[in-house]
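1. give me a model of this one.
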Amino acid sequence: MDTRHDATEDVIGAGESTVVHDQNIALSELRISAELGLADDVGLSLTLPVRMVDTSIRYLDGSGMEVAIAAEGIHHRNETLFGVVDPWLLAHWHQQLGKLSVDLRGGVSLPLGETEEDPFALGDAGLPHQHVQFGTGTINPVLGVEFDRDLGPLSLWGFALTQQVMAENGKGYRGGDRYSGGIGASSPLGTRRWNFELGGELQAETAEEWNGIRHDDDGNRGRVDILAAAAVGRAIGGGFHGFLGLKVPVYTHVVGGQLEFPAVLEVGVARLFELGGDHHDDDAEQHEHEETPAPAAAPGLGAPDIADLTTTGEAVELDPVAGKVTVFDFWAPWCVPCRALEKSLTELARRHPDRLAIRRINVVDWDSPASERYLEPGAFNLPHVVVVRADGSRALEKSAPPAELVADVERLLGE
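-> Alright, predicted model coming up:
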């Protein structure tokens, strides 16, 4: 980012003159985020941001020539700031309503980021000061909601998020409240490993205060930005997913001489994995062997017929169970919809222990032998099932949202 403003300075060799402060700022932030599943549809997440701000300053006269000023370093310096920003600790609740996915998040920001001393008081005293703040110094509530509507080849998504600063800290600083929201659409565009997104986003922040005063000559005085956003994601093997996004402001409203930025570039990588095992349903199965003991049955029901064919991505044979509808469930540890499908299929198997058999195939990633053999030829995605009737004839093979696949299995059981 580059910002300029005029000021009257004592120029060495020229005396009091109007000088342009030409400042360049490079801002980067690394966010390390982890979420732990506590129960079905409930999680706890922690996001730790680490920020680096690199600034350089030039003082220019009316002709654009660089000059030296007597009070250099009071307002601006050539420096690099580095530190932790206030982390977020959030509870997460997920609900699947047919093809609509809803996520609610709520929690607090933790005051671990550094707050500078009052820059306005230091500036009035002619002392060096800093307007860049890494934290608010207070515990602040954070609330958010997300939704995703599956429309087959296309998904519509949206989100809203706010952080409210409730009080000033011990240095008299009260940061501005923050608001964020966006809508968009995503689609694999006929591919299996890629996902493409287009959307729009709004970011807003209210003015900061120092000792109850909103200053009108410097600092954060409030702003609103509307950005056009595009992103691409890809499964990169081993359960990892990569992400590349670009956001470009199309409208900006700022109060005072604040920064304007040309674009925001986002690069990310994520992986979902299990703690203490390869699978998330310990009540339904164990994964020490390919033939797994069935879980305990509910009172009045026989044991559900559930077993793993492979947990390591091998290209195993799909041998149906004679006399039962057999569902071959293809999944991977990083596939979130696969979790919802497994939960529903397990419950279905408990209700029909003598008529339904579930055989699971962990494809591990897109490069595994199982994935190449069963998913690649048809460009299938996950979740994916192959269903064989009790007489041994193949009933269906498809990739679809969990609710749709469960409905198909129930329909076949009804036959």
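2. for the rest of this, base every contact and every neighbour count on C-alpha atoms.
-> Will do.
3. my guess is L202 meets G182, correct?
-> Yes - using C-alpha atoms under 8 Å, L202 is in contact with G182, at 6.1 Å.
4. residues bridging contact with those two, i.e. touching both?
-> Taking C-alpha atoms under 8 Å, 6 or more residues apart in numbering as the criterion, L202 and G182 do not both touch any residue.
5. grab the most central residue of the protein for me.
-> Taking C-alpha atoms, centre = their mean, the centroid of the chain lies closest to S33, which sits 8.4 Å from it.
6. chain neighbours aside, what residue packs nearest to that one?
-> Spatially, and ignoring its direct neighbours in sequence, S33 is nearest to T47 (4.2 Å; C-alpha to C-alpha, 6 or more residues apart in numbering).
7. how confident was the prediction at that neighbour?
-> Listed pLDDT for T47 reads 96.
8. for the strand or helix carrying L244, name the packing helices and strands.
-> In the assignment (DSSP states H and E), L244 maps to strand 240-254. Secondary structure elements in contact with strand 240-254, counted by 3 or more C-alpha pairs under 8 Å, 6 or more residues apart in numbering; DSSP states H and E, are strand 223-237, strand 264-271.
9. chain center to it: distance?
-> 13 Å (C-alpha atoms, centre = their mean, to the nearest Å).
10. run the angle between that strand and strand 223-237 for me.
-> With axes from the mean of the first three to the mean of the last three C-alpha atoms, to 10 degrees defining the directions, strand 240-254 sits at 170 degrees from strand 223-237.
11. mind saving the C-alpha coords of strand 240-254 as PDB?
-> Provided in PDB are the C-alpha atoms of strand 240-254 (Å, rounded to 0.1, in the frame of the first residue of the first chain):
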ATOM      1  CA  PHE A 240      -4.300 -31.700   1.900                       C
ATOM      2  CA  HIS A 241      -6.300 -29.000   0.200                       C
ATOM      3  CA  GLY A 242      -4.700 -25.800  -1.200                       C
ATOM      4  CA  PHE A 243      -6.400 -22.400  -1.700                       C
ATOM      5  CA  LEU A 244      -5.600 -19.300  -3.600                       C
ATOM      6  CA  GLY A 245      -7.800 -16.200  -3.500                       C
ATOM      7  CA  LEU A 246      -7.800 -12.600  -4.700                       C
ATOM      8  CA  LYS A 247      -9.900  -9.700  -3.400                       C
ATOM      9  CA  VAL A 248     -10.000  -6.400  -5.200                       C
ATOM     10  CA  PRO A 249     -11.800  -3.300  -3.800                       C
ATOM     11  CA  VAL A 250     -14.500  -1.900  -6.000                       C
ATOM     12  CA  TYR A 251     -15.700   0.700  -3.500                       C
ATOM     13  CA  THR A 252     -14.000   2.300  -0.600                       C
ATOM     14  CA  HIS A 253     -15.300   4.900   1.800                       C
ATOM     15  CA  VAL A 254     -12.800   6.200   4.400                       C
END
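12. quick check: the gap between the residue nearest to the centre of the chain and R193.
-> 23 Å (C-alpha to C-alpha, to the nearest Å).
13. start to end distance for stretch 157-172?
-> The first-to-last residue distance of stretch 157-172 comes to 39 Å (C-alpha to C-alpha).
14. and that stretch, what's its mean pLDDT?
-> 96.
15. go on, stretch 107-119?
-> Rounded mean pLDDT across stretch 107-119 is 94.
16. end-to-end on that stretch?
-> 30 Å.
17. one more: stretch 185-198?
-> End residues of stretch 185-198 are separated by 6 Å (C-alpha to C-alpha).
18. where's that stretch relative to the chain centroid, distance-wise?
-> With C-alpha atoms, centre = their mean, you get 17 Å for stretch 185-198.
19. hmm, who's touching that stretch?
-> By C-alpha under 8 Å, 6+ apart, stretch 185-198 touches 153-157, 184, 199, 228-236, 366, 379-381.
20. select only the buried ones of the residues you listed in PyMOL?
-> Remark: buried members of these, expressed as a PyMOL selection using 16 or more other C-alpha atoms under 10 Å:
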select buried, resi 155+156+157+184+199+228+229+230+231+232+233+234+235+236+366+380+381
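21. can you list the domains in this protein?
-> Annotated domains of the chain cover 37-44+84-271, 305-414 [automatic domain parsing].
22. just say helix, strand or coil for V387.
-> Secondary structure, DSSP: H, G, I helix; E, B strand; the rest coil: V387 is strand.
23. I appreciate the help and will end here.
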